[in-house]
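Asker: the amino acid sequence is not available; the structure is as follows:
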């Protein structure tokens, strides 16, 4: 094959994926608008638009010529450390995942998730698992079929996990969590003990939304979020989305009695947003311009939200500004605030969980979804197994399925293998922060002064700018010297919640 | 041609235009977002998206098969009063307008308008017409070429006018305005006299934005704007756009010293919005689901803004609610407010003009753009001719071109033949309102009670629901018994500003 032809194939891929990026960013805008401003009655037409754009994007990427171009690039053989080689490698991976499924299976899966999501909404509202059970069975069966089409080396679940966290394996996660779980439980008891003196409603007061917005914005800008290339809007279920190379939208929700809800929501989403803003615009629309994985993305949100934002140093610095926006807050010392926002107490709902119990919620889900996919637990038995395991882990009796196995949306939209990325995010955050402090001896002193530039620059270079140049574990090795470990996170938890 | 084939051709057109409506509505969302929320640095990518979708939409509509389908429908011959016949007639018109221009001419026009708009922005800022002159010359030349390609019966300008107001002719407008202009001038002198006692800053005070928003929303809902299928956002240059069959977005801007700016902005845009919300959703994406013309659209905004919203009856009804939102307003009587919001005084800027002088601004522009296109005035002489005519009409010496011939964006984006639709809107509004009062003997009494349902229903049936079933003048004849006249508007002006 001549050099010219291979290079033309690469240029064709660049042009096609540029076009796809225009379409996909537009689909992202349609979704952002739906979740922030869209009037209610616009929904049916909006759904038709979103389906049209996602179908269009899928057809354009899975077209046979795209496969030919990728093959031509592979045959040409770009230097292994080149931009081109990294992009071609990831295009191949996405192309195979997208084209290995017969279109009937994709359509069946889409229909099934639409029905399952509706059934789940209803089942959760009434707390009646049997309404959801047949849909769950269907989605498990379809996920197994899809895993078989995608292929795997060790177990079916790996094929699903790979869609959220490239290269991750259930066996590795089992090993990681086997060490992590008991250590976490050993932190939990003293942490709960220490939190007993802090009531849940300790900081409750009136926090006007305008004041919350001003404080959130001030802190987000201070950690480096660029409001010339992003913004914050209001939604029901907060998220971060990017609508272009210089257009990152955070969302949050406000509780007028509790400023911490929107504040830590914004810090969390701003962590995601800083990652997106740190991707190289010249690679936008190619794998090198995409975030590495869910587990790496979540490490960025957790790092800013928890390691930075819930620390004593943070509150010592920001206390005056917080009191400026919320005068009533001045009756609490920074230490009191830190104790309140780091309160540990087992509870039923994952999204409301503290930092110590959070990963127990995740490990429970990982173990259960692995068994559901591998056929070791039947959908019909899910509530019983969930409740039993939950009580073992967290010492609480699940009162109903709405507060048990029906609480999360993930399975109802057919997403299996997603949950573990939350815990990977926590572990990665601690590991990255540990290494950053080693690499930047002045970091603690800087953070105490509210200076975040050198931490952000370190994250830019080590995590953001590579995009998908490396697989997640390779990226972690390059940034910290080893793959994801649990000991850094445990160390962090002990230091913050026990010592 | 067999019946089946023709019906298939029509179904093909429906399918293609449905798909186009998904794309076009998305392009409208991209534009709405750009003008309301988009962060500044997102602009280059957004421009690329908008260009991509508009090019794609154009190609999909101008494809040869679309011409074949239209031809097949014409050959089949749907009943002349059928939905199908109306859609086919309008598809033919749009298809011919879109395909008669060679693509090089379209591209040259697009390039020229991009450059001209930049040059105009700069020229207006510095008030230096020569910076804009070569671009204006270029756009006039290109518009003449386009008119020749489109074809016309009486004069080139008609081909341009037809793009904004189907079937309108310069000769008819000349006749209409020849009668209207002197009558307008005869109203102007006594109206100005009567306004002398009201200072421009009569109502100036502090009007918090949140209070303005609450009052605007209350009134917009009262006249029938459906907030389940629409909303109001903030922008620099207010507009109304529809992003789907049940998704109409109004925009406005706030002046904290003058609530009337956002209030009448919202009433105006809500008039447009009521029209869009009154189009039949089942026809969305076809001509029967589109607004009739610019001149009809503007009649709806003017009717609600001026005939309803600036009347004594309106303020007698809304005064208590306005005082609820703006307590300081209670020191003015409804009559005083009405006099203030109907103040007449010649001024330089069209968009700030009162209702009496407004149409003089338009007639000036119509006469000048007609002469520019027909070659009777050279671009180089525009400032001199403008200033001379302006002084004749409005008795003011134009101090600089920024407040003269450089003030409007229209010509800089190559839009000739657009201006007259503003005056057609005013005339149509008065004529429709006159007829509505005849058809609905209780209307005055209802309006005095703040009840707008029967007026809205009348407009729905006569104006909104037909979409493009009739040409604008045909629609006016069916609604009011005659084509657009000036006497109803003159009667309204005399009654409000002189009697």
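Answerer: That came in fine, so what should we check first? Remember, predicted model here, so these are calculated numbers, not experimental data.
Asker: residues in contact with the spatially most central residue of chain A?
Answerer: By CA atoms, centre = their mean, chain A has its centre lying nearest to residue A:298, at 4.3 Å. For residue A:298, the contact set (CB atoms under 8 Å, 6 or more residues apart in numbering or on different chains) comprises A:421-422, A:424-426, A:428-429. (Each C-beta comes from the backbone N, C-alpha and C, glycine too.)
Asker: kindly recompute the last result at 6 Å.
Answerer: Residue A:298 is in contact with A:421-422, A:425, counting by CB atoms under 6 Å, 6 or more residues apart in numbering or on different chains.
Asker: make CSV from these and add pLDDT and distance to chain B to it.
Answerer: Conversion of the contacts of residue A:298 to CSV gives the following (pLDDT from 0 to 100; distance: CB to the nearest CB, whole Å):
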residue, pLDDT, distance to chain B
A:421, 98, 28
A:422, 98, 29
A:425, 98, 26
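Asker: confirm the residue nearest to the centre of chain A sits in a helix?
Answerer: Yes. According to DSSP: H, G, I helix; E, B strand; the rest coil, residue A:298 belongs to a helix.
Asker: where's the residue lying closest to it once chain neighbours are set aside, which helix or strand?
Answerer: Nearest residue to residue A:298, sequence neighbours excluded (CB to CB, 6 or more residues apart in numbering or on different chains): residue A:425, at 2.5 Å. For residue A:425, the host element (DSSP states H and E) is helix A:420-439.
Asker: residue A:180 now?
Answerer: helix A:170-195.
Asker: name the helices or strands packed onto the very next helix or strand once past that helix?
Answerer: Per DSSP H and E, the first helix or strand lying C-terminal to helix A:170-195 is helix A:209-223. Packing partners of helix A:209-223 (3 or more CB pairs under 6 Å, 6 or more residues apart in numbering or on different chains; DSSP states H and E): helix A:259-278, helix A:312-325.
Asker: hmm, back to that, measure the residue nearest to residue A:298 to residue B:21 for me?
Answerer: 41 Å (CB to CB, to the nearest Å).
Asker: ok, the two, which is more surrounded?
Answerer: Looking at residue A:425 and residue B:21 with other CB atoms under 10 Å in any protein chain shown, you find the greater number of neighbours at residue A:425, namely 26 against 21.
Asker: list the contacts of that one.
Answerer: Counted by CB under 6 Å, 6+ apart, residue A:425 has contacts A:295, A:298-299, A:302.
Asker: need the residues of the stretch 101-250 of chain A near chain B, please.
Answerer: Within the stretch 101-250 of chain A, the positions near chain B by CB under 6 Å from any CB of the partner chain are A:228-231, A:244-247.
Asker: select only the buried ones of these in ChimeraX?
Answerer: Those of these that count as buried under 16 or more other CB atoms under 10 Å in any protein chain shown are selected in ChimeraX with:
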select /A:229,230,231,244,245,246,247
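Asker: most widely separated two among the residues of the stretch 101-250 of chain A next to chain B?
Answerer: Longest distance between any two of those is 15.2 Å, between A:231 and A:245; criterion CB to CB.
Asker: could I get the contacts of residue A:298 as a markdown table with distance to residue A:52?
Answerer: Output for the contacts of residue A:298, formatted as a markdown table (distance: CB to CB, whole Å):
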| residue | distance to residue A:52 |
| --- | --- |
| A:421 | 29 |
| A:422 | 32 |
| A:425 | 33 |
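Asker: residue ranges for the helices of the stretch 251-400 of chain A, please.
Answerer: A:259-278, A:294-302, A:312-325, A:334-341, A:358-374, A:382-394 (DSSP state H, counting those that start in this stretch).
Asker: just send these back as JSON lines, with mean pLDDT too.
Answerer: Shown next, in JSON lines, are the helices of the stretch 251-400 of chain A (pLDDT from 0 to 100):
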{"stretch": "helix A:259-278", "mean pLDDT": "98"}
{"stretch": "helix A:294-302", "mean pLDDT": "98"}
{"stretch": "helix A:312-325", "mean pLDDT": "98"}
{"stretch": "helix A:334-341", "mean pLDDT": "96"}
{"stretch": "helix A:358-374", "mean pLDDT": "98"}
{"stretch": "helix A:382-394", "mean pLDDT": "97"}
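Asker: to residue B:48, which of these lies closest?
Answerer: Closest approach to residue B:48 among these is made by helix A:259-278 (18.3 Å; CB to CB).
Asker: off-centre distance for the closest one?
Answerer: Averaging C-alpha positions (CA atoms, centre = their mean, to the nearest Å) puts helix A:259-278 12 Å from its chain's average.
Asker: run through the neighbouring helices and strands of that helix.
Answerer: Using 3+ CB pairs under 6 Å, 6+ apart, the elements in contact with helix A:259-278 are helix A:209-223, strand A:240-242, strand A:248-252, helix A:294-302.
Asker: one more time with 8 Å
Answerer: For helix A:259-278, the packing partners by 3 or more CB pairs under 8 Å, 6 or more residues apart in numbering or on different chains; DSSP states H and E come out as helix A:209-223, strand A:230-234, strand A:240-242, strand A:248-252, helix A:294-302, helix A:334-341, helix A:453-459.
Asker: what angle do that helix and helix A:334-341 make?
Answerer: Here helix A:259-278 points in a direction 90 degrees away from that of helix A:334-341 (axes from the mean of the first three to the mean of the last three CA atoms, to 10 degrees).
Asker: contact partners for residue A:470?
Answerer: A:292, A:478.
Asker: is it in a helix, a strand, or coil?
Answerer: At residue A:470 the chain is in coil, as set by three-state DSSP.
Asker: what's the distance between it and residue B:391?
Answerer: Distance from residue A:470 to residue B:391, counting by CB to CB: 72 Å.
Asker: ditto for residue A:135
Answerer: For residue A:135 relative to residue B:391 (CB to CB), the value is 76 Å.
Asker: ok, the two, which is more surrounded?
Answerer: residue A:135 (22 against 12).
Asker: so that one is in which element?
Answerer: Using DSSP H and E, residue A:135 maps to helix A:129-150.
Asker: check which residues of that helix are buried.
Answerer: With burial defined by 16+ other CB under 10 Å, the residues of helix A:129-150 counted as buried are A:129, A:131-133, A:135-136, A:138-140, A:142-147, A:150.
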